[in-house]
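>>> Sequence and predicted structure, then a few things I'm wondering about:
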Amino acid sequence: MTVSPFVTRPASDGRLIAVASGKGGVGKTWFAITLAHAMARAGQRVLLFDGDLGLANIDIQLGLMPERDLSAVLNGNASVIDVVFSYAPGGFDVLPGRSGSGALSTINPQTLEQILTELRAAAMRSYDVVVLDLAAGLDRAVRRMAVAADTLLVVVTDEPTSLTDAYAVLKLYAKDRLSFGKTGDARVVVNLAPNHTGGERTFAALSRATTAFLGQTPKLAGIIRRDEKVPEAIRRQSLMLTRHPTSAAARDVEQLARSL
């Protein structure tokens with residue numbers, strides 16, 4: 001690993017894309033990593049931000065041992081710029097979190113706003129896209145980061161608890177964006193679908209609930225098929241698009257990245 005130069009580049013319309021889920025175990029972090037990789041392969045300048053200090057695992061999935069992480073920022077010992085490093089195999093930069101710390105759930109609001117300000121500055125100055133891998137759940141910090149993003153991608157599977165929790169994420173997002181005066185752009189990513197038809201059924205079930213009770217219908221960002229090569233790549237701490245570039249899940253994520 002080498003420290004990213006994080007140099008000022010010509011201004012861009014860099015976007016913040018938050019990846020969220022109501023519950024763990026839906027493949028959210030794997031999707032965030034693979035999305036960042038797909039966008040980097042398409043020629044975009046990408047920063048992947050691990051926004052889950054309590055159960056951060058981007059470093060684990062990629063086999064990284066960063067010298068510094070987001071906890072240094074929260075402790076006031078570093079800025080966001082200081083802890084970003086280049087992940088050469090993927091062609092994108094990483095801002096790592098740390099497992100085993102609950103600091104993000106109790107983060108000082110002013111500190112959180114400072115982090116968001118720095119991420120926005122990074123998006124405008126140095127990156128085309130900043131992908132935020134948010135913690136599962138609905139605590140205050142997660143909700144604030146979700147509404148601060150330009151686009152929110154909610155990862156869901158066909159499990160009833162996943163659908164229920166995804167609905168809760170969308171409900172609170174609708175409420176929060178009104179509070180902050182944001183127009184909002186929430187989209188659904190169906191993961192672990194048996195096929196595209198099954199994925200469409202899962203999205204339809206969630207869409208019916210949001211339309212009936214929230215008066216809003218989210219967009220479908222994409223469907224990612226269940227693929228036995230995904231857990232194999234995770235076990236080997238390998239990038240899916242490098243290890244299995246022609247697999248079903250890899251093709252689905254690349255298509256989704258193009259649509260964004």
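On my side now, so go ahead.

>>> give me the element the residue located most distally from the centre of the chain is part of.
Relative to the C-alpha centroid of the chain, counting by Cα atoms, centre = their mean, Ala212 is the outermost residue, at 27.1 Å. Applying DSSP states H and E as the criterion places Ala212 in helix 196-214.

>>> Which residue comes closest to Thr164 once chain neighbours are left out?
Take Thr164 and drop its neighbours on the chain: the residue closest to it by Cβ to Cβ, 6 or more residues apart in numbering is Gly22, 7.2 Å away. The way it works is simple: take the backbone N, C-alpha and C, and place the C-beta from them, glycine included.

>>> Please report how far that neighbour lies from Val188.
Look at Gly22 and Val188: by Cβ to Cβ, to the nearest Å, they are 12 Å apart.

>>> Helices of the stretch 151-260 of the chain, start to end?
Under the criterion DSSP state H, counting those that start in this stretch, the stretch 151-260 of the chain carries helices at the ranges 160-179, 196-214, 229-235, 240-243, 248-259.

>>> Please convert those to CSV, extending it with distance to Ile58 and mean pLDDT.
Below are these laid out as CSV (distance: least, Cβ to Cβ, whole Å; pLDDT from 0 to 100):
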stretch, distance to Ile58, mean pLDDT
helix 160-179, 20, 95
helix 196-214, 25, 97
helix 229-235, 12, 96
helix 240-243, 14, 97
helix 248-259, 16, 97
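
>>> Any chance of JSON lines for those helices, columns distance to Gln110?
Below are those laid out as JSON lines (distance: least, Cβ to Cβ, whole Å):
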{"stretch": "helix 160-179", "distance to Gln110": "18"}
{"stretch": "helix 196-214", "distance to Gln110": "31"}
{"stretch": "helix 229-235", "distance to Gln110": "36"}
{"stretch": "helix 240-243", "distance to Gln110": "38"}
{"stretch": "helix 248-259", "distance to Gln110": "34"}
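
>>> Out of those helices, flag the one nearest Ala123.
Of all the helices of the stretch 151-260 of the chain, it is helix 248-259 that lies closest to Ala123, at 16.7 Å by Cβ to Cβ.

>>> That'll do, ta.
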